[in-house]
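1. Prediction below, plus the sequence it came from.
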Amino acid sequence: MTTTTHTTYAVHALPAALLDDVRSTGVDASGTPVERVVATGGEPLRCCLRDAGAGEALLLFGYRPPTPQGPYQEVGAVFAHADRCGGYAGDGYPSDWLDRPQVLRAYDDCGWIHPATTVHDGTDPEVSLAAVLAAPGVVEVHSRNIAYGCYMFAVTPLR
């Protein structure tokens, strides 16, 4: 897993082992074949947490975040490079997505959605994220696309 640590939290891209498995087997978390696509530009890549450039070879597949088995576990579509890349090498919130409004979905240790869940408007996502992470009982936050609800990346507090 590619993880970068910020002063108060760690950002987690999709795990390299999971991506290697999807690339080698050609199937996703639900056993559905992956789709090979060529980027038109702007697709959010969950392997390296940046937007794709036009012409990049990508995979589109269903991803199940590793939350505990329960009513809030779900599978959603994500993009990643078709071939292994360097992963996320940033420090803190992904710079390509700083001004992108997102849902910050908080989870508790049972894998249930926590009431600290919020939407930020892209003005200062790190302040919004810090507030969610500071809420008692929050153990993880998933950044999600507002329009489609797709998983973008996970964040865990450093305590």
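-> That came through, no problem.
2. can you list contacts of the one helix or strand F153 maps to?
-> Here F153 sits within strand 151-157, counting by DSSP states H and E. Strand 151-157 is touched from outside by 8-13, 44, 46, 49, 63, 65, 76, 78, 88, 94, 97, 102, 129, 133-134, 138-145, with contacts defined as Cβ atoms under 8 Å, 6 or more residues apart in numbering. (C-beta placed from N, C-alpha, C; glycine too.)
3. PyMOL command to pick out the buried ones of the residues you listed?
-> Buried residues within these, by 16 or more other Cβ atoms under 10 Å, are selected in PyMOL with:
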select buried, resi 9+11+12+13+44+46+49+63+65+76+78+88+94+97+102+129+133+138+140+141+142+143+144+145
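4. buried ones in the strand holding F153?
-> By 16+ other Cβ under 10 Å, the buried positions in strand 151-157 come out as Y151, M152, F153, A154, V155, T156, P157.
5. Is the first one bridged to anything, and to what?
-> Bridge pairing for Y151 (DSSP bridges) gives the partners R144.
6. Out of the buried residues of strand 151-157, flag the one nearest to A39.
-> Within the buried residues of strand 151-157, proximity to A39 (Cβ to Cβ) peaks at M152, which comes in at 16.5 Å.
7. pLDDT value on that closest one, please?
-> Here the pLDDT value assigned to M152 is 96.
8. Strands along the protein, start to end?
-> With DSSP state E as the criterion, the chain has strands at 3-5, 9-12, 35-38, 44-45, 50-51, 57-63, 76-81, 102-107, 118-120, 140-145, 151-157.
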